[in-house]
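[1] Here's a sequence, model it:
(chains A, B, C, D, E and F)
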4 protein chains.
Amino acid sequence: MFSKFLNLDKEKQDRIINAAIKEFAEKGYDRASTNEIVKEAGISKGLLFHYFQNKKQLFLFLFDYCYELVTDEFYKKINLKETDFFRRMRHAIMIKADMLGTYPDIFKFIQEVFLEESAEIKIEFDRKKSELTHINMERAYEGIDFSKFRDDVDLTKIIKIINWTFEKMSDEAIQKAKLSPTHEINYQAIQAEAEEYFEVLIKCFYK
Amino acid sequence: MFSKFLNLDKEKQDRIINAAIKEFAEKGYDRASTNEIVKEAGISKGLLFHYFQNKKQLFLFLFDYCYELVTDEFYKKINLKETDFFRRMRHAIMIKADMLGTYPDIFKFIQEVFLEESAEIKIEFDRKKSELTHINMERAYEGIDFSKFRDDVDLTKIIKIINWTFEKMSDEAIQKAKLSPTHEINYQAIQAEAEEYFEVLIKCFYK
Amino acid sequence: MFSKFLNLDKEKQDRIINAAIKEFAEKGYDRASTNEIVKEAGISKGLLFHYFQNKKQLFLFLFDYCYELVTDEFYKKINLKETDFFRRMRHAIMIKADMLGTYPDIFKFIQEVFLEESAEIKIEFDRKKSELTHINMERAYEGIDFSKFRDDVDLTKIIKIINWTFEKMSDEAIQKAKLSPTHEINYQAIQAEAEEYFEVLIKCFYK
Amino acid sequence: MFSKFLNLDKEKQDRIINAAIKEFAEKGYDRASTNEIVKEAGISKGLLFHYFQNKKQLFLFLFDYCYELVTDEFYKKINLKETDFFRRMRHAIMIKADMLGTYPDIFKFIQEVFLEESAEIKIEFDRKKSELTHINMERAYEGIDFSKFRDDVDLTKIIKIINWTFEKMSDEAIQKAKLSPTHEINYQAIQAEAEEYFEVLIKCFYK
DNA sequence: CATGAATGAGCCTTCATTCAT
DNA sequence: CATGAATGAAGGCTCATTCAT
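    Numbers count the residues shown, from 1 in each chain, chains lettered A, B, ... in the order given. This next block holds a predicted model:
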């Protein structure tokens, strides 16, 4: 599919990828301009469409690229030896926060993908997005000691509730950041808040 | 502000409102075309801008319109005499599911508003959206008997977790519907799933 | 032609005239909006077109109105007993400067008329404009003692040169004002400069 | 800035330039339609904005283009060896009259620029225009023998008066032409009139 | 492989003018 | 007289995509 592009020298690939991610992250799918992308990447109009048939394909490629990059990085860092659910989750959250600092554009792009409702894009992405969500946390449960959870209720439901809690918590943090004057996310505050939720969840869901 | 428009005969108002809601719901703010709206509404280009100064104002009006309609309807139906948290919530979910069937475009539009990231719209809407979210459920807690909840953990956190759980559950249902061939939401299945979560939550969060 | 309009009560007439002059003065013929005029005048769209068939007729009416007002005022004030050409001219310049302070919109409007090149307006106004120019100064020569001018050259040419000199001088002053930050015309400086030109012209053109 | 455009083959450049100059000359900045320009030039809508970011930039380019063309041509033809002020000026006027015949649209466009009051254009052009005015004649004074002028009055004022005289004379000629049925300028008549003014000015301003 | 000129439909918005009330 | 809803052509401009070179 994108083999032509992948045969390019890495430096040019990166220039194009970064330019495209930045533009999509900033403006969203519809408003993103291929013109701006080629200008930023320093390549010609035609070339972009030579490698990626059209805007949609480019977006699709970028999504897969980011998906892989983020997931790889995450699993390289996560400690699968830690068997306590909450300690593992705490670590995962810290890793995510860290990556958000290292690859802000990529995260903004991914966030953009999740918010993107552009009709042209929606259907084919919805499956991908739900996959990614599942992986985001659930794949990370390898080796977890689930026996600590109370066993009078359905474990999978508890896990879902916990995940949803932290997803919503981070959504709220992003939302709050958007309303603040600096638009900056206060990671320390999030961490602190997360700890408080950890406490509640442990009390209610552990034996 | 929109007094000119509101003095129109109801039938024409509705034609315009419905056409606009449909277009925005389908395509999102950026891609929605005022051309399509006037064509669907059967009015002239100029008239739309006679009533609503510009696209943004139209969107704003529509948001307020839908907000009011949905909220009014909801509070007319909800039984504030029911003091049990989970029974009240069960009722609220049923009402919402009902309204989703009655006003599908309006709900799609509201959902669109919440996903909307168009730079032109974002800032002024973010506040409105967060207000609406708060109201959506929290205003509905009037008269609730909170003494039933365990008191070894922060009550507000529990409430948040519960709300988030049902929000995410319904998000997932919508998501699932979009991936199905008919795009139809299976309300019965949702109801059943909700009951299962109710059970878990009651067990864990009530005394 | 405009008898319908002239039968209105004076107050309404004035509201309309002032609103229209202001709009045309500010934006020029093309960019001036009849919408703004009716809004400012507090009348309905239809009424404006009831009195003045269309935008062009309104502009024409306004021109005649301003022309008359300015000329009347000027001849009321000018002292025709003064027979010395330059003293008379000095007085005329002072009167004009005065009126510019009293009726800034009207003067801006007249200036606008002179600069207006809008194809729709041009032809029918060119004659009027050249008439007005002639009157502006030349009608004011009644009773002037032209015997003071040297008689080895054509008197009419001298008069033209003198008029042109002061016209261009004031054009330059307006131009200079436009380039300054405050956009304000420095009348004292103009007066002073005029005196210097008077001196030159008297030396060269009087016997 | 306009390098894209300047790399085009000359023939297409000319088609665009001529179409644009003609449209602006005829209708003025505001009323000029980019639609008309592309139609006349036989190019697509997009292409015009590919070369010139927007209408204003196009106008700016055209101004510089005309300015250069006219000035270059003028200084190629003027004889700087002639030291007599009035003989030099007579020559300059003849050259200008000549050029007006060769490039009527360009001159109409330049005249248009000078009359242009469109708010969008005004500020950035006012400086340019005043520069051009200064150059128009004053740069042409190199090597002039000013000792022939009477020295009991300020020389710079005399020069101004002379320039203004010929500027106004030519304005009047253009004005007269516009009122005539054929719209044609009678160069012979202008020449003759100019000679008469020369006589007056020489008598009054030379020693 | 690479360029960037060229396309043209589509975008939102403005506007003078008309006409039923 | 007076209103203001209604019209629809025209405005400047953007954009993904194509194609001759």
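
[2] who in chain A is up against DNA strand F?
    A:R31, A:A32, A:S33, A:T34, A:N35, A:K45, A:G46, A:F49, A:Q53, A:N54, A:K55, A:K56 (C-beta under 7 Å from any atom of the strand). C-betas here are computed from N, CA, C, even on glycine.

[3] Next, count neighbours for the first one.
    The criterion is other C-beta atoms under 10 Å in any protein chain shown. On that basis, A:R31 has 17 neighbouring residues.

[4] my guess is it meets B:Y29, correct?
    No. Applying C-beta atoms under 8 Å as the test, A:R31 and B:Y29 come out as separate, 10.1 Å apart.

[5] Show me which residues of chain A sit near DNA strand E.
    Checking chain A against DNA strand E by C-beta under 7 Å from any atom of the strand, the hits are A:K4, A:N7, A:L8, A:I43, A:S44, A:K45, A:G46, A:L47, A:F49, A:H50.

[6] same thing but at 6 Å, please
    Residues of chain A lying close to DNA strand E by C-beta under 6 Å from any atom of the strand are A:K4, A:N7, A:I43, A:S44, A:K45, A:G46, A:L47, A:H50.

[7] Need the buried ones from the residues of chain A next to DNA strand F selected in ChimeraX.
    Under the burial definition 16 or more other C-beta atoms under 10 Å in any protein chain shown, those of the residues of chain A next to DNA strand F that qualify are selected in ChimeraX by:
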select /A:31,32,34,55
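
[8] now, among the residues of chain A next to DNA strand F, which is nearest to B:F24?
    Closest approach to B:F24 among the residues of chain A next to DNA strand F (C-beta to C-beta): A:R31, at 15.9 Å.

[9] roughly how far apart are the closest one and chain C?
    30 Å (C-beta to the nearest C-beta, to the nearest Å).

[10] A:K203 too?
    In terms of C-beta to the nearest C-beta, A:K203 sits 65 Å off from chain C.

[11] Give me the angle between the helix or strand harbouring that residue and helix B:187-205.
    Element membership for A:K203 (DSSP states H and E) is helix A:187-205. For helix A:187-205 against helix B:187-205, the angle by axes from the mean of the first three to the mean of the last three C-alpha atoms, to 10 degrees is 90 degrees.

[12] Contacts for helix A:187-205, please.
    Residues from elsewhere that reach helix A:187-205, judged by C-beta atoms under 8 Å, 6 or more residues apart in numbering or on different chains: A:86, A:89-90, A:93-94, A:97, A:149-150, A:158, A:161-162, A:165-166, A:169-170, A:173, B:150, B:152-154, B:157-158, B:161, B:204-205.

[13] Which residue does chain A have closest to chain D?
    Closest residue of chain A to chain D, C-beta to the nearest C-beta: A:N35 (10.3 Å).

[14] Counting neighbours, which of the contacts of helix A:187-205 end up buried?
    By neighbour count, with 16+ other C-beta under 10 Å, those hold A:86, A:89-90, A:93, A:97, A:149, A:158, A:161-162, A:165-166, A:169-170, A:173, B:153, B:157-158, B:161, B:204-205 as buried.

[15] Tell me which of these fall in helices.
    Mapping the buried ones among the contacts of helix A:187-205 onto helices (DSSP state H) picks out A:86, A:89-90, A:93, A:97, A:158, A:161-162, A:165-166, A:169-170, A:173, B:157-158, B:161, B:204-205.

[16] how near is the residue of chain A most remote from its centre to B:K207?
    What lies farthest from the middle of chain A is A:D152; by C-alpha atoms, centre = their mean that is 33.4 Å. Distance of A:D152 to B:K207, computed by C-beta to C-beta, to the nearest Å: 15 Å.

[17] again, but for A:D105
    Noted for A:D105: a distance of 48 Å to B:K207, by C-beta to C-beta.

[18] With neighbour numbers in mind, choose between these two.
    Set A:D105 next to B:K207 and count neighbours by other C-beta under 10 Å: A:D105 wins out with 16 against 8.

[19] Would you confirm that that one belongs to a strand?
    No. Looking at A:D105 with DSSP: H, G, I helix; E, B strand; the rest coil, it is helix, so not inside a strand.

[20] buried stuff in the helix holding A:K203?
    Residues of helix A:187-205 classed as buried: A:I190, A:E193, A:A194, A:Y197, A:F198, A:V200, A:L201, A:C204, A:F205 (neighbour count, 16+ other C-beta under 10 Å).

[21] And the fourth one, what's its pLDDT?
    Read that as A:Y197. For A:Y197, the pLDDT comes out at 96.

[22] now it: how far from B:H91?
    For A:Y197, the distance to B:H91 - C-beta to C-beta - is 27 Å.

[23] got it, and A:M99?
    From A:M99 to B:H91 the distance is 42 Å (C-beta to C-beta).

[24] ok so, going back, please give me every residue in contact with the residue farthest from the centre of chain A.
    Applying C-beta under 8 Å, 6+ apart, we find A:D152 in contact with B:K203.

[25] again, only using 10 Å
    Shown in contact with A:D152 (C-beta atoms under 10 Å, 6 or more residues apart in numbering or on different chains): A:K207, B:V200, B:K203, B:C204.

[26] who touches A:A41 in this structure?
    By C-beta under 10 Å, 6+ apart, A:A41 lies in contact with A:12-20, A:22-23, A:47-48.

[27] for these, which one is nearest D:K122?
    Nearest to D:K122 among the contacts of A:A41: A:E23, at 35.3 Å, using C-beta to C-beta.

[28] I'd like to know which elements the one helix or strand the closest one maps to is packed against.
    Using DSSP H and E, A:E23 maps to helix A:10-31. Packed against helix A:10-31 by the contact rule (3 or more C-beta pairs under 10 Å, 6 or more residues apart in numbering or on different chains; DSSP states H and E) you find helix A:3-6, helix A:34-41, helix A:45-51, helix A:55-77, helix A:104-115, helix A:119-138, helix B:10-31, helix B:119-138.

[29] Helix or strand with the lowest mean pLDDT in chain A?
    Lowest mean confidence among the helices and strands of chain A (mean pLDDT, DSSP states H and E): helix A:119-138, at a mean of 64.

[30] circling back to that earlier point, can the contacts of A:A41 go into a markdown table with extra columns for neighbour count and distance to B:K129?
    Formatted as a markdown table, the contacts of A:A41 follow (neighbours: other C-beta atoms under 10 Å in any protein chain shown; distance: C-beta to C-beta, whole Å):
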| residue | neighbour count | distance to B:K129 |
| --- | --- | --- |
| A:K12 | 14 | 41 |
| A:Q13 | 16 | 38 |
| A:D14 | 12 | 36 |
| A:R15 | 15 | 37 |
| A:I16 | 24 | 35 |
| A:I17 | 19 | 32 |
| A:N18 | 15 | 31 |
| A:A19 | 19 | 31 |
| A:A20 | 26 | 29 |
| A:K22 | 20 | 26 |
| A:E23 | 25 | 25 |
| A:L47 | 15 | 40 |
| A:L48 | 21 | 35 |
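
[31] so where is chain A shaky, pLDDT-wise?
    Within chain A, the segments meeting pLDDT under 70 span A:115-124, A:126-127, A:129-138, A:178.

[32] same thing but at 80, please
    A:1, A:111-112, A:114-140, A:174-185 (pLDDT under 80).

[33] How many residues are close by A:L6?
    11.

[34] Which residue, other than its chain neighbours, is closest to it?
    Beyond its immediate neighbours in the sequence, the residue positioned closest to A:L6 (C-beta to C-beta, 6 or more residues apart in numbering or on different chains) is A:Q13, lying 7.3 Å away.

[35] Show the contacting residues for the one you found.
    Shown in contact with A:Q13 (C-beta under 10 Å, 6+ apart): A:F5, A:L6, A:N7, A:A41, A:Y51, A:Y65.

[36] The fifth one - nearest residue in space that isn't next to it in sequence?
    With C-beta to C-beta, 6+ apart as the criterion, A:Y51 has its nearest non-adjacent residue at 4.0 Å, and that residue is A:F5.
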